[in-house]
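> I need the structure of the sequence given here:
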Amino acid sequence: MDRVNGSVVTEFVLLGLAQSLGMQFFLFLFFFLFYVGIILGNLFIVFTVIFDSHLHSPMYILLANLSVIDLGLSSTTVPRMISDLFSGCKIISFHSCMIQIFFIHVMGGVEMVLLIAMAYDRYTAICKPLHYLTIMRPKICVFLIVAAWIIGVIHAVFQFVFVINLPFCGPNNVGSFYCDFPRVIKLACMDTYKLEFVVTANSGFISMGTFFVLIISYIFILVTVRKHSSKDLSKAFFTLSAHITVVVLFFTPCMFLYVWPFPTKSLDTFFSIVDFVVTPVLNPAIYTLRNKDMKMAMRRLSRQVVSFREIM
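Predicted coordinates for the structure are as follows:
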């Protein structure tokens, strides 16, 4: 067998999600419908923000970028999950595995920074409304988006450079339906304790720290609003509840997968499915159904589509 980076392993074996044909059909239908929802829901937000001039504000520009990332993150794993359901030999090449790992962590890193940027945007809008347009001007918004991509790439590369050159000479069963740093590292033919700590610190502790910082920042916003006017507290909470829900949905699986990996195979699989399948389809629903501006934009877009059909 040809050597790849000094190793004898050129492919990895992925975990099957179901053995019985009935369960395979059920999971196929579940993943297919959710993936279609992910594509349509997130693209709908992106195109609505692009074509509706009323949504050309920092909050919705950041939201459109979040939708792009959700679609990208889901696309790194879900299409392969669907195709592997009826495959007897669930094999992924070494290079495809490394590419999947890289893009998972790029997208995850970008989403983490975008959620921080969206929290800062809401803090500025609610706590400093008179200075909002000055602080969140277009250049700052573009800077935050570019910074998110740069940090996401750095986050992925920092771990990737260690893993790509590890010697893989024997076991090649990943033990999951997708490739990721913690599982692939364990297959290396060397002591990887220090490297596992680096991955836990880079992905796990950063996720946990960011999660608590975001939750504390939202609590701070609500406390600040309550001090100025208790009447505005319910309005602020309604506005922030969508953001808080998305933060919880994104970071909870990350903390379990990287801080406390492999508690049980079933729990690990559950959190992975939540991260790649459930969260990306819920985010568009949360931001559209709970947002007045998005609802109005949807009505305007519907009227434009009806008018276009009448002209045609």
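
> where does the stretch 151-300 of the chain have low pLDDT?
Residues of the stretch 151-300 of the chain meeting the criterion pLDDT under 70: 229-232, 261-264.

> strands of the stretch 1-150 of the chain, residue ranges please.
11-13, 91-93 (DSSP state E, counting those that start in this stretch).

> can you put those in a markdown table and add mean pLDDT?
Formatted as a markdown table, the strands of the stretch 1-150 of the chain follow (pLDDT from 0 to 100):
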| stretch | mean pLDDT |
| --- | --- |
| strand 11-13 | 90 |
| strand 91-93 | 91 |
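
> any idea which of those is most buried?
Highest mean neighbour count of the strands of the stretch 1-150 of the chain: strand 11-13, a mean of 18 (counted as mean count of other C-beta atoms under 10 Å). The C-beta positions use only the backbone N, C-alpha and C, and glycine is treated the same way.

> which other helices and strands contact that strand?
strand 91-93, helix 94-127 (3 or more C-beta pairs under 8 Å, 6 or more residues apart in numbering; DSSP states H and E).

> returning to what we had before: and residue 218, which of the strands of the stretch 1-150 of the chain is closest to it?
Closest approach to residue 218 among those (C-beta to C-beta): strand 91-93, 38.9 Å.

> would you list the helices and strands packed on strand 11-13 in CSV and tack on distance to residue 83?
Shown next, in CSV, are these (distance: least, C-beta to C-beta, whole Å):
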stretch, distance to residue 83
strand 91-93, 11
helix 94-127, 12
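
> convert stretch 21-32 to PDB, retaining C-alpha atoms only.
Provided in PDB are the C-alpha atoms of stretch 21-32 (Å, rounded to 0.1, in the frame of the first residue of the first chain):
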ATOM      1  CA  LEU A  21     -33.300  -1.600   6.100                       C
ATOM      2  CA  GLY A  22     -36.300   0.000   7.800                       C
ATOM      3  CA  MET A  23     -34.200   2.300   9.900                       C
ATOM      4  CA  GLN A  24     -32.000   3.100   6.900                       C
ATOM      5  CA  PHE A  25     -35.000   4.300   5.000                       C
ATOM      6  CA  PHE A  26     -36.300   6.300   8.000                       C
ATOM      7  CA  LEU A  27     -32.900   8.000   8.500                       C
ATOM      8  CA  PHE A  28     -32.600   8.700   4.700                       C
ATOM      9  CA  LEU A  29     -36.000  10.400   4.800                       C
ATOM     10  CA  PHE A  30     -35.100  12.300   7.900                       C
ATOM     11  CA  PHE A  31     -31.700  13.500   6.700                       C
ATOM     12  CA  PHE A  32     -32.900  14.300   3.200                       C
END
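
> for it, which outside residues touch it?
17, 18, 78, 81, 82, 85, 86, 277 (C-beta atoms under 8 Å, 6 or more residues apart in numbering).

> next, the buried residues of that stretch.
Residues 27, 28, 31 are the ones in stretch 21-32 that count as buried (16 or more other C-beta atoms under 10 Å).

> again with stretch 293-312
Applying 16+ other C-beta under 10 Å to stretch 293-312 flags 294, 297, 298, 300 as buried.

> what's near enough to touch the nearest residue to residue 170 once chain neighbours are set aside?
Nearest non-adjacent residue to residue 170, counting by C-beta to C-beta, 6 or more residues apart in numbering: residue 189, 6.0 Å away. The contact partners of residue 189, taken as C-beta under 8 Å, 6+ apart, are 7, 167, 168, 169, 170.

> how about residue 151?
109, 110, 113.

> run the last query once more with 7 Å
109, 113 (C-beta atoms under 7 Å, 6 or more residues apart in numbering).

> just want the angle from the helix or strand encompassing it to helix 94-127.
Element membership for residue 151 (DSSP states H and E) is helix 138-163. Relative orientation of helix 138-163 versus helix 94-127 (axes from the mean of the first three to the mean of the last three C-alpha atoms, to 10 degrees): 150 degrees.

> just give me how far the very next helix or strand once past helix 138-163 sits from the chain centre.
As assigned by DSSP H and E, the chain's next helix or strand after helix 138-163 is helix 181-185. How far helix 181-185 lies from its chain's middle: 19 Å, per C-alpha atoms, centre = their mean, to the nearest Å.

> please renumber so the chain begins at 18
Yes, from this point I'll number from 18; that puts the last item at helix 198-202.

> chain center to the next helix or strand after helix 198-202: distance?
Sequence-wise, the next helix or strand downstream of helix 198-202 (DSSP H and E) is helix 210-216. With C-alpha atoms, centre = their mean as the basis, helix 210-216 stands 23 Å off its chain's centre.

> ok, and what's touching helix 210-216?
176, 179, 198, 199, 202.

> got the buried residues of stretch 310-329 as JSON lines, with secondary structure columns?
Output for those, formatted as JSON lines (DSSP: H, G, I helix; E, B strand; the rest coil):
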{"residue": "311", "secondary structure": "helix"}
{"residue": "314", "secondary structure": "helix"}
{"residue": "315", "secondary structure": "helix"}
{"residue": "317", "secondary structure": "helix"}
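
> alright, that wraps it up for me.
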